[in-house]
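# I would like the atomic coordinates for the input below:
(2 chains)
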Amino acid sequence: GNSVTQMEGPVTLSEEAFLTINCTYTATGYPSLFWYVQYPGEGLQLLLKATKADDKGSNKGFEATYRKETTSFHLEKGSVQVSDSAVYFCALSPRGGSEKLVFGKGMKLTVNP
Amino acid sequence: DAGVTQSPTHLIKTRGQQVTLRCSPKSGHDTVSWYQQALGQGPQFIFQYYEEEERQRGNFPDRFSGHQFPNYSSELNVNALLLGDSALYLCASSENFRTETYEQYFGPGTRLTVT
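From the prediction side, this is the model:
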């Protein structure tokens, strides 16, 4: 079946620290991969996506590369800010398009000044 | 342009009761999906509606049912509520599921507490 395994937190970092959140997936075929972010009291927002192998998604200083050989989609940011404090979810869509999303459990990040 | 809206924001129900949650999709979107997010977990797909029909369903019992109206808005109904149904229910809308480039836009959710 389809599943996503990601680092679970919570994680606390100091401002300007480097961030990596690991995500690996299991899927049949060629899924699309996503990172969603959930700020306190808000719904999920798409942070970035990649639809095929070796694609790199990027947004707001965050990056993730679709690695088919390692079935991974790790999220990175070189210098986090207090405003990045949120819960981060890795997700896949089995067949791309507006198909259902399969989410990991999420990782709560707190960034201190 | 309003995004995805959901109502109510919070709801408290008793075991055995029935509940209806509502969702209005983002303007221009015709596909609506529902997800259940238990505390500390990632969202779980319940089902998806397009053209007023359920086109995909996740691993949820028949107590969970839905409806989509001609204006693309949607309802999620849960019968015979269990304590385990307590969760944040998220609605997401997107363009026609056949489009390859898309984004699912999520609403703020409805927090359901079953006592």
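# Look at the residue in chain A that chain B sits nearest to and report its pLDDT.
Chain B sits closest to A:Phe103 of chain A, with a gap of 3.3 Å, by Cβ to the nearest Cβ. Yep, even glycine has a C-beta here, placed from its N, CA and C like the rest. Listed pLDDT for A:Phe103 reads 95.
# For the residue positioned nearest the centre of chain B, give me its contacts.
Among the residues of chain B, the one closest to the centroid is B:Trp34, at 2.9 Å (Cα atoms, centre = their mean). B:Trp34 makes contacts with B:Cys23, B:Phe45, B:Ile46, B:Phe47, B:Gln48, B:Gly66, B:Ser74, B:Leu76, B:Tyr89, B:Leu90, B:Cys91, B:Ala92, as judged by Cβ atoms under 8 Å, 6 or more residues apart in numbering or on different chains.
# hmm, 7 Å instead?
B:Ile46, B:Phe47, B:Gly66, B:Leu76, B:Tyr89, B:Cys91 (Cβ atoms under 7 Å, 6 or more residues apart in numbering or on different chains).
# same deal with A:Glu8?
By Cβ under 7 Å, 6+ apart, the neighbours of A:Glu8 are A:Lys105, A:Met107.
# Around B:Leu21, how many other residues sit close by?
Neighbour count for B:Leu21, taken as other Cβ atoms under 10 Å in any protein chain shown: 21.
# Just the element for it, please.
Assigned by DSSP states H and E, B:Leu21 falls within strand B:19-24.
# in its sheet, what does the very next helix or strand once past that strand sit against?
Later in the chain than strand B:19-24, the nearest helix or strand by DSSP H and E is strand B:31-37. Sheet pairing of strand B:31-37 (DSSP bridges) gives strand B:44-50 (antiparallel), strand B:87-94 (antiparallel).
# and the shortest one, what's its mean pLDDT?
I take that to be strand B:44-50. When pLDDT is averaged over strand B:44-50, the result is 95.
# give me the low-pLDDT residue ranges for the chain?
No chain was given, so I picked chain A. Scanning chain A for pLDDT under 70 picks out the ranges A:96-98.
# Wait, chain B was what I had in mind.
B:1, B:97-102.
# Looking at it, which residue is nearest chain A?
Taking Cβ to the nearest Cβ, chain B has B:Gly42 as its residue nearest chain A, at 3.3 Å.
# Excluding chain neighbours, give the residue nearest to that residue in space.
A:Phe103 (3.3 Å; Cβ to Cβ, 6 or more residues apart in numbering or on different chains).
# residue contacts, that neighbour?
Here A:Phe103 is in contact with A:Val4, A:Phe89, A:Ala91, B:Gly42, B:Pro43 (Cβ under 7 Å, 6+ apart).
# run the last query once more with 8 Å
A:Val4, A:Tyr36, A:Phe89, A:Cys90, A:Ala91, B:Gly42, B:Pro43, B:Gln44.
# and it, how far is that from B:Gln18?
Using Cβ to Cβ, to the nearest Å, A:Phe103 is found at 27 Å from B:Gln18.
# B:Gln44 too?
Distance of B:Gln44 to B:Gln18, computed by Cβ to Cβ: 20 Å.
# Comparing those two, which residue is more hemmed in?
Neighbours were tallied for B:Gln44 and for B:Gln18 using other Cβ under 10 Å; the higher tally belongs to B:Gln44 (19 against 11).
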